[in-house]
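S.K.: Take this sequence and fold it.
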Amino acid sequence: MTSEQTTPRSITVVGLGYVGLPLALAFAKEFSTFGLDVDASRVNELLAGNDRNREVPEAEITASSVSFTSDESCIADAEFIVVTVPTPVLDDHTPDLSLLESASTTIGAQLRNRTAGLNAPIIVFESTTYPGCTEGFCGPIIERESDLKSGEGFFLGYSPERTNFGDQEHTLETVIKVVSGQTPEVAAIVADVYGRIAKAGTHLATDIKTAEASKVIENVQRDLNIALFNELAMIFDRMDIRSADAFDAAATKWNFHRYQPGLVGGHCIPVDPYYLTYAASQLGFDARIVLAGREVNESVAEFTAGKISTLLGEAGADSAEASVLMLGLTFKPNVSDIRNSKALMLADLLVQRHSSVDVYEPVGLIPQDMDTSYNVIDDPFASEKTYDVVVLAVPHDTLLAHKSNIGDLVKPGGLVVDLGSALDRTEIESTSRTYWSL
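M.R.: Coordinates of the predicted model:
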């Protein structure tokens, strides 16, 4: 095997989830591309044009030249390998590197079967992780399994994903792609490869660790900013000030940066900060501000559930006997994924406090065998049933299409909870119903 590097003619994408599928489809417009996923059912769905995440249209998948497969042998002679597996956290908030470990192990094992004489492959990781993980964790695993030396028998790179689920504006083609490589020559090739699909351009980071750091702080910053606004909303609530009104006024200043308080779920913002705090703790540093932001955002569901009980009590209602309808269950508006959704946490907290809790989720994919203590219902706008409390937890566009009718789902004198400040407070209060938002 030679260590000479040239621009690859083919790409192999490992992992076909939210990040990997759009990436493989984009690469296939410029290169011969394999899309590998260990989940054979996922591969079969994609071969039929079905994206279970509802992010990519069927026509785009079926029209693509991507070779979807669950056969790991496609790695053996690959020239350019991109790893896009998830990086969640464990229950103790430490990084769960099991999928990175598995992918690295598979890649290393397959490289043992590589055809003699081929150039050393470039292996680029996109999975969000802590600075140093690509070279300090993944690289040694590949070395062990392949019996090759990193920087000679294979080369590493890192290009952090910037996928924003449900966002049709900020895509692979329209955002700048950060790239990096183990050597200047490899970094240049990584930049060239990604430059073919990232039409907005690429930014060459100083090194792999810097590229890893750039990714994790993107979501740390967002988490902290949202935490600030969540904390402000909690303070203003105690002062009988509607936070949205205060934010509207403050936003008239040219350098005020506004964020929306609310539930912070998903696979990025509530997860990635723990990768940085873990790495900091390994160096003996306590990242207090980062962890404080996490604590605030994790408390929003509990705060909201408690506030609903308080408002019902102030209205003279029996909170325990109240009927509740929650609208939306996914981790953010207009996406189908309910995994790691704080709306799920809120629904469970409401069940503990109230006699009847119905949930309507028009966008999300709720598994039929999912064990819930609340009732998942069909379209409430097609029913005459009314509730003591309606919570607009996730303002999907499909729900906002009925925004003028949401108040009609609430009994006279009942409560409308608007976590995203998406509804017209005056309109709701004019119908003798109580309105509350974060």
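S.K.: what ranges do the strands span in the stretch 151-300 of the chain?
M.R.: Taking DSSP state E, counting those that start in this stretch to define them, one finds strands in the stretch 151-300 of the chain at 155-158, 177-179, 202-204.
S.K.: looking at the ones you listed, which is closest to residue 332?
M.R.: strand 177-179 (22.6 Å; CB to CB). Using the backbone N, CA and C atoms, a C-beta is placed for each residue, glycine as well.
S.K.: was I right about residue 188 contacting residue 181?
M.R.: Yes: counting by CB atoms under 8 Å, residue 188 touches residue 181, with 7.3 Å between them.
S.K.: more neighbours, these two?
M.R.: Ranked by neighbour count (other CB atoms under 10 Å), residue 188 and residue 181 place residue 181 first, with 25 against 15.
S.K.: Quick check: that one vs residue 346, distance?
M.R.: According to CB to CB, to the nearest Å, residue 181 and residue 346 sit 43 Å apart.
S.K.: Repeat that for residue 363.
M.R.: According to CB to CB, residue 363 stands 17 Å off from residue 346.
S.K.: Name the residue in the two with the higher neighbour count.
M.R.: A count of neighbours by other CB under 10 Å puts residue 346 above the other of residue 363 and residue 346, at 29 against 20.
S.K.: does that one sit in a helix, a strand or a coil?
M.R.: Here residue 346 is recorded as helix under DSSP: H, G, I helix; E, B strand; the rest coil.
S.K.: what sits against it?
M.R.: 263, 301, 304, 305, 326, 391, 393 (CB atoms under 8 Å, 6 or more residues apart in numbering).
S.K.: so which of these is the most crowded?
M.R.: Neighbour max across these (other CB under 10 Å) = residue 393, 28 neighbours.
S.K.: so that one makes contact with residue 330?
M.R.: No: between residue 393 and residue 330 there is no contact under CB under 8 Å: 9.3 Å.
S.K.: Need the residues touching each of these two.
M.R.: residue 343.
S.K.: ok, residues contacting the helix or strand containing residue 358?
M.R.: In the assignment (DSSP states H and E), residue 358 maps to strand 356-360. With contacts defined as CB under 8 Å, 6+ apart, strand 356-360 is touched by 322-329, 347, 350-351, 372-380, 387.
S.K.: Which among those count as buried?
M.R.: 322-329, 347, 350-351, 374, 380, 387 (16 or more other CB atoms under 10 Å).
S.K.: List the ones among those that fall in strands.
M.R.: 323, 324, 325, 326, 327, 387 (DSSP state E).
S.K.: Columns distance to residue 12 on top of those residues, output as CSV?
M.R.: Below are those laid out as CSV (distance: CB to CB, whole Å):
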residue, distance to residue 12
323, 53
324, 48
325, 47
326, 42
327, 42
387, 51
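S.K.: can you list the weak-confidence ranges in the protein?
M.R.: 1-5, 165-168 (pLDDT under 70).
S.K.: Quick check: residue 198 vs residue 54, distance?
M.R.: 24 Å.
S.K.: So for these two, which residue has more residues nearby?
M.R.: Higher neighbour count among residue 198 and residue 54: residue 198, with 23 against 15, using other CB under 10 Å.
S.K.: which residues does that one contact?
M.R.: With contact taken as CB under 8 Å, 6+ apart, residue 198 is in contact with 172, 173, 175, 176, 177.
S.K.: All the helices of the stretch 1-150 of the chain, residue numbers only.
M.R.: If DSSP state H, counting those that start in this stretch is used as the criterion, the helices of the stretch 1-150 of the chain fall at 20-27, 40-47, 58-62, 98-111, 133, 139-146.
S.K.: domain assignment for the protein?
M.R.: For the chain, the structural domains run 10-207, 299-438, going by automatic domain parsing.
S.K.: possible to save those domains as TSV with distance to residue 272?
M.R.: Output for the domains of the chain, formatted as TSV (distance: least, CB to CB, whole Å):
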stretch	distance to residue 272
domain 10-207	5
domain 299-438	12
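S.K.: Quick one, which of these gets closest to residue 291.
M.R.: Closest approach to residue 291 among the domains of the chain is made by domain 10-207 (9.0 Å; CB to CB).
S.K.: so how far is the closest one off the chain centroid?
M.R.: Domain 10-207 sits 17 Å away from the centroid of its parent chain (CA atoms, centre = their mean, to the nearest Å).
S.K.: got the buried residues for stretch 247-260?
M.R.: Buried, per 16+ other CB under 10 Å, within stretch 247-260: 247, 260.
S.K.: contacts for that stretch?
M.R.: Counting by CB under 8 Å, 6+ apart, 222, 225, 226, 228, 229, 420, 421 sit against stretch 247-260.
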